[in-house]
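S.K.: One predicted model, sequence on top.
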Amino acid sequence: MILAILQARLSSSRLPGKVLMPLLGEPMLLRQIERLQKVRHIDRLLVATSSETADDAIASLCEQHAVDCFRGNLHDVLDRFYQAAASYHPDHVVRLTADCPLADPGLIDQVIEFYLAGGYDYASNAIQPTFPDGLDVEICRFACLEQAWREAVLPSQREHVTPFIHQQPERFNLGHFFNREDLSHLRWTVDEPRDFELVSQIYAALYPANPDFSTPDILRLLAERPELANWNTQHQRNEGYLKSLAAEAPQPSNPASE
């Protein structure tokens, strides 16, 4: 069984409430779920949000639309993710985050096929990125996720779920899925107001004519409207994860204090 877990919360520091912001009249979270329900290799999809009162609206939205929802620890995301998966007893778990309303169902299927064919413990297109930021996919064996849940101690490993696995290539068999063309300079995730502006313009241009618009459709739009390609690229990729790593890095000693 392949279980996909979509992490969602409303307490984003850079753009609070973003997952429920309206995208063509529907909450952004529902737009992303609409795309994820087209992934062929996922047996079940659920949303994992926190048990904080602030995230009640996410749980209510899932209930209204018959989407499975698990609620757990806000800050220990690895614990929330593991507990969400455990009751389903999956063989493999796909990790997705709810700030990616341009998620590509076909690409997710390709990463899953790559992972299964390679017999990997973990595979992703995000650790060595060649796809636009916002098309990230990670998949791992549930047994590996359980090892991470039991052994991970660093705050960055608990907050970002999979570093315990992909930081140990000597222990886990890792697979890296690459694009034919390096498009990692493009930013299609939603962390900042300008990110949401870009995604809104893409949806307005493409969705009415074709709700199943694809990554090639988006690239054609950016070629026709080049101002959109650099709309939001001033922001750093994986900023939150990099901040977590920086906070754990040893601080240089101050000779004056010695």
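M.R.: It's in.

S.K.: quick one: the strands in the stretch 101-250 of the chain?
M.R.: Under the criterion DSSP state E, counting those that start in this stretch, strands of the stretch 101-250 of the chain are mapped to 122-124, 138-141, 174-176.

S.K.: Tabulate these (CSV), appending distance to residue 21 and mean pLDDT.
M.R.: In short, each C-beta sits where N, CA and C put it, glycine included. Formatted as CSV, the strands of the stretch 101-250 of the chain follow (distance: least, C-beta to C-beta, whole Å; pLDDT from 0 to 100):
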stretch, distance to residue 21, mean pLDDT
strand 122-124, 27, 98
strand 138-141, 24, 98
strand 174-176, 32, 98
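
S.K.: what's around the closest residue to residue 148 other than its chain neighbours, how many residues?
M.R.: Computed as C-beta to C-beta, 6 or more residues apart in numbering, the closest residue to residue 148 that is not its neighbour in sequence is residue 164, at 4.0 Å. By other C-beta atoms under 10 Å, 24 other residues sit near residue 164.

S.K.: and if you look at residue 91?
M.R.: 12.

S.K.: swap in residue 61?
M.R.: 20.

S.K.: Provide the secondary structure category for it.
M.R.: Residue 61 carries the three-state label helix when classified by DSSP: H, G, I helix; E, B strand; the rest coil.

S.K.: before we move on, the earlier item: mind checking which of the strands of the stretch 101-250 of the chain is nearest residue 20?
M.R.: Residue 20 sits nearest to strand 138-141 of all the strands of the stretch 101-250 of the chain, at 23.9 Å, using C-beta to C-beta.

S.K.: Direction included, what does the closest one pair against?
M.R.: strand 92-97 (antiparallel), strand 122-124 (antiparallel) (DSSP bridges).

S.K.: ok, back up a step: of the strands of the stretch 101-250 of the chain, which stretch is the most buried?
M.R.: Among the strands of the stretch 101-250 of the chain, strand 122-124 has the highest mean neighbour count (mean count of other C-beta atoms under 10 Å), at a mean of 25.

S.K.: Now do it: everything it contacts.
M.R.: Strand 122-124 is touched from outside by 111, 114-115, 136-141, 144, 162, 165-166, 172-177, with contacts defined as C-beta atoms under 8 Å, 6 or more residues apart in numbering.

S.K.: centre of the chain versus that strand, how much separation?
M.R.: 13 Å (C-alpha atoms, centre = their mean, to the nearest Å).

S.K.: quick one, what contacts the nearest residue to residue 33 once chain neighbours are set aside?
M.R.: Nearest residue to residue 33 in three dimensions, chain neighbours excluded: residue 67, at 6.1 Å (C-beta to C-beta, 6+ apart). For residue 67, the contacting residues are 33, 45, 46, 47, 61, by C-beta under 8 Å, 6+ apart.

S.K.: so the third one is in which element?
M.R.: Right, the one you point to is residue 46. Applying DSSP states H and E as the criterion places residue 46 in strand 44-50.

S.K.: Now the buried members of the contacts of residue 67.
M.R.: 33, 45, 46, 47, 61 (16 or more other C-beta atoms under 10 Å).

S.K.: show me what contacts the last one?
M.R.: Shown in contact with residue 61 (C-beta under 8 Å, 6+ apart): 20, 27, 29, 30, 67.

S.K.: out of these, who's nearest residue 101?
M.R.: residue 29 (8.2 Å).
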